[in-house]
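Trainee: Pasting a predicted model and its sequence here:
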Amino acid sequence: MVYLLLIAATLATSLVSGILSMAGGMILMGVFGFFLTVPAAMVLHGVAQAVSNGSRVWLYRRSIRWRVLGFYTIGALAVLAIFSLLTVVPGIGLVFVLIGCFPFVAMIIPDSINLDMEKPWVSFASGIVVTFAQMLAGASGPVLDIFYVHSGMGREAILGTKAVTQTLGHILKLIYYGAVMTIAADALPLWVFPAVVTAAICGNYFGSFIVGRMSDHQFKRIGRHVIMVIGIIYIGKGIVELSG
């Protein structure tokens, strides 16, 4: 029953991500973290989100801004190298607190700091910051949003370009935590993986129909309110875990 719940959560959150390009991965990591160990949650979440974002790459392939991705990749690979050397595995309380805090990070960034993802140095910094967040908390969508809020991209360009960066981040997370989980012998049933993959693809496919009926303003506004509510819930959960 637990695994069926995780599959249903994957379908629902992929639908959310398919519509808003945010919040879905954040919600899903919280659900997985509630039922699984941190390495197992990271691996299953990485599979679900790599497929979920990968399917969005295909759906919006014609709108992707490929020029921003080279510098992002350099920063992301640097973070993977650091984590591989240190072998860091965060506690579940820290994971929840970090996920919960991410939506509010954007609120303290001054408007004068123009973090436009289409600038090379911003793309490189995004690769470092976002991948670091993914490695520690499993989900980093709200952090990645900071680097898109000042860009001139429309909703489909944002969906496609973010999907590429998120897919890369989840693949790197899979590489790292897959090795950790192998060492810890913390196995998941094999049938769960194709079920999660199928749910992720279906959620994104249905979400793409709804995106076509939204304006750019609605697309950017709705997601902000959703992730802030979720953030408050996760911060509370993390504090309970840390104090327990």
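Mentor: Perfect, thanks for sending it. Bear in mind that the values here come from a model prediction, so they are computed numbers and not experimental data.
Trainee: average pLDDT for the longest helix seen in the chain?
Mentor: Determined from DSSP state H, the single longest helix within the chain is helix 155-184. Mean pLDDT, taken over the full extent of helix 155-184, equals 80.
Trainee: Can you list phi and psi of the residue sitting nearest the centre point of the chain for me?
Mentor: With distances taken as Cα atoms, centre = their mean, Ala139 lies nearest the centre of the chain, 3.9 Å away. Here is the backbone geometry of Ala139 (degrees, to the nearest 10): phi -130, psi 140.
Trainee: picking that back up, helices or strands up against the longest helix of the chain?
Mentor: helix 38-59, helix 69-86, helix 120-137, helix 141-146, helix 192-211, helix 216-243 (3 or more Cβ pairs under 8 Å, 6 or more residues apart in numbering; DSSP states H and E). C-beta: built from backbone N, CA, C; applies to glycine.
Trainee: Swap in 10 Å and give it another go.
Mentor: helix 2-20, helix 24-35, helix 38-59, helix 69-86, helix 120-137, helix 141-146, helix 192-211, helix 216-243 (3 or more Cβ pairs under 10 Å, 6 or more residues apart in numbering; DSSP states H and E).
Trainee: ok, Ile232 touching Pro103?
Mentor: Yes - Ile232 lies in contact with Pro103 (Cβ atoms under 10 Å); the separation is 8.7 Å.
Trainee: Of those two, which one has the most company?
Mentor: Pro103 (27 against 13; other Cβ atoms under 10 Å).
Trainee: So, low pLDDT: which residues of the protein?
Mentor: 17-23, 106-107, 110-114, 149-150, 181-187, 208, 211-225, 227, 244 (pLDDT under 70).
Trainee: show me what contacts Val89?
Mentor: Val89 sits next to 37-39, 42, 83, 135-136, 176-177, 180-181, 184 when contact means Cβ atoms under 10 Å, 6 or more residues apart in numbering.
Trainee: Next one: it from Gly100, what distance?
Mentor: Note on Val89: its distance to Gly100, by Cβ to Cβ, to the nearest Å, is 19 Å.
Trainee: just Gly54 next, same as before
Mentor: 26 Å.
Trainee: So between these two, which is more surrounded?
Mentor: Gly100 (25 against 21).
Trainee: helix or strand for that one, which one?
Mentor: helix 92-105 (DSSP states H and E).
Trainee: Could you name the helices and strands sitting against that helix?
Mentor: helix 24-35, helix 38-59, helix 120-137, helix 141-146, helix 216-243.
Trainee: between those, which gets nearest to Val68?
Mentor: helix 120-137 (4.5 Å; Cβ to Cβ).
Trainee: how much does that closest one deviate in direction from helix 92-105?
Mentor: On the basis of axes from the mean of the first three to the mean of the last three Cα atoms, to 10 degrees, helix 120-137 is oriented at 150 degrees to helix 92-105.
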